[in-house]
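Q: Predicted coordinates and the sequence they were generated for:
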Amino acid sequence: MIAHFDVDAFYANVAIRDNPALRGKPVAVAGSSRRAVVLTASYEARPYGVRSAMPLYKARAACPQLVVVPPEMQKYRAVSREIFAILRGTDRPVEGLSLDEAFVDLGDVAFDQACSAANDVRRQLFAATGLTVSAGVASGKMTAKIASDSCKPDGLLAVAPGDEGHFLAPLPVGRLWGIGPKMQRRLEVFGVTTIGDVATLEPVRARELFGLWWHEACDLARGIDPRPVEQERETKSISTEETFEFDESDERRLIALLRVQARELAATLQEEGMAAQTVGVKIKRADFSVVARQTHLAEPTRDERRIFRAAVHCLRRAALEGAPVRLLGTRVASLTLGDPLQTTLF
Ligand SMILES: [Mg+2]
C-alpha cells in the first residue's frame, strides 16, 4: 500500500497559519512584479476561479477582494524540512515530489492498517506544523495521488485493493498520468473521454491511439500500477532565480540581484548545515535563449561574499554586452555537509 501526502494550498496555508486575520478570506500568494502569477490560492479564493499559475492581474479581476501576500521561500523550505523529517521518521521509503508533497510506501499491510497509518501521519504533520494535509491511500502511486487530490482539503481517501479501476473509471482521461492537454483533445475526438474508456479499449484500438505506450496506459487506467516508491537522493544543488519586471540590461542592476541571491543561498546553506564548492548563474535573455556559466571554488564555502564574487565572475564570462535579460538566477552545487569554517581554522 502507498500513501500520497499533500499539504493543502501549501503557501497560502502557511500565510494563514501565521496571520490568523487572513483566515476565511480569499488569499493568493504571489510576487509583486508586473509578470507575477498566483503561486497558491486559498480555498476561499478558488470559487472565484483563482488558480495557481494564473496571472495576478486576472486573479484580481476575478476576485477584487483578493488578499495578496508575498511568497516566503525560506519559510516554506523550513516547513518542508519539518514535514520530511516526520515522513522519514516513519522509517518507510519516502519519495518527495515537491516541498509539500510525497509518496510513502506503507508496505505490505492490510487495507485498514494502511488507512490508520496514513491518518496517524496526517495528525502528526498537523500537530507539528499547524497545516492541514490530505492523503490518498491505494495500491499504486497514480491512484493514491488522484485520491489525495480528490479529498482536499483536510481529507483522507483510501481506495481498497481491487476498487482502483472502479474509482478511476468516471474521471476525465486527462487525469491519467502521461496524458497532456493535446493528447486529451485527440482522445476526445475519438470518443475516449474518461479513464474508464481507456480501460475498456480493445487492444487494437488502444495501440492505434497510444502507440508503443498502449499497454502501460491501459494498465494504469485499470489501476494496475507497479511502480515503486523511489527513495529520493540527497539534494544536489540549491538555486534561486528571478524574472525581471522589465527586461534588464544594466549590469549594475544584474550585479545587485546577484548580491541578494548570494545572501539568500548563503543563508540556506547555513540552515542546511552545508557548504558548496560550485557556483553558477543562469541567464535567460529577452529572446528566451538561456546561458549558464559555472565556476568551481578552491574549497567549499557558505560565505555570502565568496558566492557573490563567483557569481559576478560567471556573469561577466557570459559576455552579455548589454543584451537585455529576462531572468537571472544563481545556483550552488557540489554540496557537502559540515561547517567549512572549521576546516579552514584547523
Ligand atoms: Mg500541496
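A: Alright, I've got the coordinates.
Q: contacts, neighbours, all on C-alpha from now
A: OK.
Q: Going along the chain, name the helices of the protein.
A: Remark: helices assigned in the chain by DSSP state H are 10-18, 56-62, 73-88, 111-129, 141-150, 164-168, 181-189, 195-199, 203-210, 214-221, 251-272, 304-317, 340-345.
Q: Quick one: name the residues of this protein near the ion.
A: 6, 7, 8 (CA under 5 Å from the ion).
Q: Swap in 8 Å and give it another go.
A: 6, 7, 8, 9, 10, 100, 101, 133 (CA under 8 Å from the ion).
Q: follow-up on the earlier one: in CSV, list the helices of the chain along with mean neighbour count and mean pLDDT.
A: Putting the helices of the chain into CSV (neighbours: other CA atoms under 10 Å; pLDDT from 0 to 100) gives the following:
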stretch, mean neighbour count, mean pLDDT
helix 10-18, 21, 97
helix 56-62, 17, 95
helix 73-88, 16, 91
helix 111-129, 17, 97
helix 141-150, 24, 96
helix 164-168, 20, 97
helix 181-189, 14, 92
helix 195-199, 22, 97
helix 203-210, 14, 94
helix 214-221, 20, 94
helix 251-272, 18, 92
helix 304-317, 19, 96
helix 340-345, 11, 46
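Q: Would you mind putting those into JSON lines with distance to residue 279 alongside?
A: Formatted as JSON lines, the helices of the chain follow (distance: least, CA to CA, whole Å):
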{"stretch": "helix 10-18", "distance to residue 279": "28"}
{"stretch": "helix 56-62", "distance to residue 279": "32"}
{"stretch": "helix 73-88", "distance to residue 279": "19"}
{"stretch": "helix 111-129", "distance to residue 279": "33"}
{"stretch": "helix 141-150", "distance to residue 279": "36"}
{"stretch": "helix 164-168", "distance to residue 279": "46"}
{"stretch": "helix 181-189", "distance to residue 279": "37"}
{"stretch": "helix 195-199", "distance to residue 279": "45"}
{"stretch": "helix 203-210", "distance to residue 279": "43"}
{"stretch": "helix 214-221", "distance to residue 279": "41"}
{"stretch": "helix 251-272", "distance to residue 279": "10"}
{"stretch": "helix 304-317", "distance to residue 279": "6"}
{"stretch": "helix 340-345", "distance to residue 279": "15"}
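Q: Tell me which of those lies nearest to residue 298.
A: Distance to residue 298, taken as CA to CA, is lowest for helix 304-317 among these, at 10.9 Å.
Q: by how many degrees do the closest one and helix 251-272 diverge?
A: Interaxial angle, helix 304-317 versus helix 251-272 (axes from the mean of the first three to the mean of the last three CA atoms, to 10 degrees): 140 degrees.
Q: what does helix 304-317 contact?
A: The contact list for helix 304-317 (CA atoms under 8 Å, 6 or more residues apart in numbering) reads 255, 258-259, 261-263, 265-266, 279-281, 293-295, 301, 330.
Q: what's the closest of those to the ion?
A: Set against the ion, the nearest of the contacts of helix 304-317 by CA to the ion is residue 265 (24.0 Å).
Q: what's that closest one in contact with, if anything?
A: Contacts of residue 265 by CA under 8 Å, 6+ apart are 238, 239, 240, 304, 331, 332.
Q: ok, and the most crowded of those residues?
A: residue 332 (28 neighbours; other CA atoms under 10 Å).
Q: Bridged to that residue, which residues?
A: As for beta bridges, residue 332 partners with residue 238, residue 279 under DSSP bridges.
Q: Surely it touches residue 279?
A: Yes: Residue 332 lies in contact with residue 279 (CA atoms under 8 Å); the separation is 4.6 Å.
Q: which residues sit in contact with residue 108?
A: With CA under 8 Å, 6+ apart, residue 108 has these contacts: residue 1.
Q: Distance check, it against residue 138.
A: Residue 108 sits 12 Å away from residue 138, taking CA to CA, to the nearest Å as the criterion.
Q: what sits in contact with each of these two?
A: Joint contacts of residue 108 and residue 138 (CA under 8 Å, 6+ apart) are residue 1.
Q: Could you work out the end-to-end span of stretch 1-17 for me?
A: Note: stretch 1-17 ends 32 Å apart using CA to CA.
Q: Please apply the same query to stretch 63-70.
A: Start-to-end, stretch 63-70 (CA to CA) is 17 Å.
Q: pLDDT of it, averaged?
A: Per-residue pLDDT values over stretch 63-70 give a mean of 96.
Q: list the buried ones in that stretch?
A: Burial within stretch 63-70, assessed by neighbour count using 16 or more other CA atoms under 10 Å, is assigned to 63, 66, 67, 68, 69.
Q: what's the most distant pair in those residues?
A: Farthest pair in the buried residues of stretch 63-70, by CA to CA: 63 and 69, 14.5 Å.
Q: quick one: contacts for the closest residue to residue 146 other than its chain neighbours?
A: What sits nearest to residue 146 in space, not counting adjacent residues and going by CA to CA, 6 or more residues apart in numbering, is residue 136, at 7.2 Å. By CA under 8 Å, 6+ apart, the residues touching residue 136 are 3-5, 143-149, 151, 156-159.
Q: what pairs with residue 136 across the strands?
A: Going by DSSP bridges, residue 136 forms beta bridges with residue 4, residue 157.
Q: Please report the distance of it from residue 202.
A: 30 Å.
Q: do the same with residue 226
A: In terms of CA to CA, residue 226 sits 22 Å off from residue 202.
Q: One more: residue 151?
A: The gap separating residue 151 from residue 202 is 32 Å, by CA to CA.
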